[in-house]
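**Student:** what shape does this take:
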Amino acid sequence: MNLDFNARRWEKIRGDYSAWWAGKLDRPLLHLTMAGRDPGRPEPALPSLGFTSHYDPAIPSEEIADRWLYDLESRHFLGDSFPSVWPNFGPGAMAAFMGLELQNGENTVWFHQPEDLDLAEINLEFLPDNIWFQRVRELYRAGAEKFGGLVHMGMTDLGGNLDVAASFRGSQNLLVDLFDEPGEVEKIAWRTHELWWRYFEEFDRLIQPGNRGYTAWTPVYSEAPSYMLQCDFCYMIGPEMFDRFVKPELAATCRKLANPIYHLDGPGQLNHLDSLLEIPELKAVQWVSGAGQPPVSEWPDVYRKIRAAGKNIQFFSGQDPLGWRCFEIIAGQLGSAEGLVMIGDFPPEDEADVRRFLDKYGAAD
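**Tutor:** This next block holds a predicted model:
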């Protein structure tokens, strides 16, 4: 294994991220990587794919893990970045684990319910022999053997409770159900919550203890249990329905996790932000402005509201035309850089500037 990383740097990552979650780090976290490193070996024949589900099931998990490793060996890890992978089977993959058909698109994944079922007919169950569940388990085992604890393996994207319900029922049908069968919606939301934790714990037993920590699809490391929570379905509902059908389950999950973070995806979710910020156990918010919207450096009111509630903030440099340079704008809007984490990469020609930037904020590796 030929990584631009070592066990000593992992100890620093654990300490700094733990302090960040606790609100005791006097600087931001800057997770920045750069491509172009010589991996010191030939490139594997297996191509690099964004969605792990796009690989033919006949391809051994060990080959996928080796491709992951090669891609990591080809990168430089600067500042607070660290090598990480996660099995990407699409957002809300728990629906596939419970029997829905997984359909691969060119740049996405869908979960298809082959028959139209009424809400009361939907029977959500843990299926230990499901092909997709077993595939993720195999990938975690292969990664554990390949990486020897030096590469962090993140939790696959299980999804939000109503996102999973919408995969089974259909989003339009579920919207009608909120009015016509609210009690049944609540039942399925809490059943999904129960099963979400079953899958989380099943995978966690494979990931730990070699991982010695947690991430999800976003590499915000936590030594204690953590997850990137979400409910994309709530883009389509108002605050009253959010407070009845979404918030109670989110709050319950936040109480079970040491360091929960919420994926706030697009302007349509901003009408739920005040309610989200009332959850005392929620530690951080990830803001994604979305396609066709102003870049992440142009939402100062959102950041100020999150900061005023005492929550940390995560954003991606790739969602701004300024790239990593957007950080200084956002920090200036808030008056300080504490409690921020920026994740992204940068081109090799920016390396000297990036190293000075990292040094300025105390994040030089």
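**Student:** if I pick Gly149, what's in contact with it?
**Tutor:** Contacts for Gly149 (CB atoms under 8 Å, 6 or more residues apart in numbering) come out as 210-212. The way it works is simple: take the backbone N, C-alpha and C, and place the C-beta from them, glycine included.
**Student:** where along the stretch 51-200 of the chain do the helices fall?
**Tutor:** If you assign secondary structure with DSSP state H, counting those that start in this stretch, the helices in the stretch 51-200 of the chain sit at 61-73, 94-97, 131-147, 161-169, 171-180, 182-207.
**Student:** give me the number of residues near Asp129?
**Tutor:** Asp129 is flanked by 6 other residues according to other CB atoms under 10 Å.
**Student:** got it, and Leu46?
**Tutor:** 15.
**Student:** what of the one 5 residues further on?
**Tutor:** For Phe51, the number of neighbouring residues by other CB under 10 Å comes to 16.
**Student:** what sits against it?
**Tutor:** Residues touching Phe51, when contacts are defined by CB under 8 Å, 6+ apart, comprise 88-90, 104, 108-109.
**Student:** may I ask which of those has the most neighbours?
**Tutor:** Note: the member of these with the most neighbours is Phe89, at 27 neighbours, neighbours being other CB under 10 Å.
**Student:** give me the spatial nearest neighbour of that one, chain neighbours excluded.
**Tutor:** Closest residue to Phe89 apart from its sequence neighbours, by CB to CB, 6 or more residues apart in numbering: Ser53 at 4.5 Å.
**Student:** can you list the buried residues in stretch 221-230?
**Tutor:** Along stretch 221-230, the positions that meet the burial threshold by neighbour count (16 or more other CB atoms under 10 Å) are 221-223, 225-230.
**Student:** same check, this time on stretch 188-196
**Tutor:** By neighbour count, with 16+ other CB under 10 Å as the criterion, the buried positions of stretch 188-196 are 188-189, 191-193, 195-196.
**Student:** any figure for the gap between Glu240 and Leu206?
**Tutor:** 40 Å (CB to CB, to the nearest Å).
**Student:** if you count surrounding residues, which of those two has more?
**Tutor:** It is Leu206, of Glu240 and Leu206, that has more neighbours when counted by other CB under 10 Å, with 17 against 9.
**Student:** ok, Phe346 touching Cys326?
**Tutor:** No: contact status for Phe346 versus Cys326: not in contact, 11.7 Å apart, counting by CB atoms under 8 Å.
**Student:** common neighbours of these two, please.
**Tutor:** Between them, Phe346 and Cys326 share the neighbouring residues Ser317, with contact defined by CB under 8 Å, 6+ apart.
**Student:** gap between Asp353 and Phe346?
**Tutor:** 9 Å.
**Student:** which one of the two is surrounded by more residues?
**Tutor:** In terms of neighbours (other CB under 10 Å), Phe346 is the more surrounded of Asp353 and Phe346; the figures are 21 against 12.
**Student:** how about that one, phi and psi?
**Tutor:** Listed backbone geometry of Phe346 is phi -150, psi 160, with angles given as degrees, to the nearest 10.
**Student:** quick one: the residue minimising distance to the centre of the chain from Asp71, how far?
**Tutor:** Nearest to the centroid of the C-alpha atoms of the chain, with distances taken as CA atoms, centre = their mean, sits Trp217, at 3.0 Å. Distance of Trp217 to Asp71, computed by CB to CB: 16 Å.
**Student:** same check on Ile131?
**Tutor:** Between Ile131 and Asp71 the distance is 25 Å, computed by CB to CB.
**Student:** between those two, who's got more neighbours?
**Tutor:** Each of Ile131 and Asp71 has its neighbours counted (other CB under 10 Å); Asp71 has more, 16 against 11.
**Student:** count the residues that sit near the residue lying closest to the more buried one once chain neighbours are set aside.
**Tutor:** In space, not counting the residues next to it along the chain, Asp71 is nearest to Ser48; the distance is 5.5 Å by CB to CB, 6+ apart. When counting by other CB under 10 Å, one arrives at 12 neighbours for Ser48.
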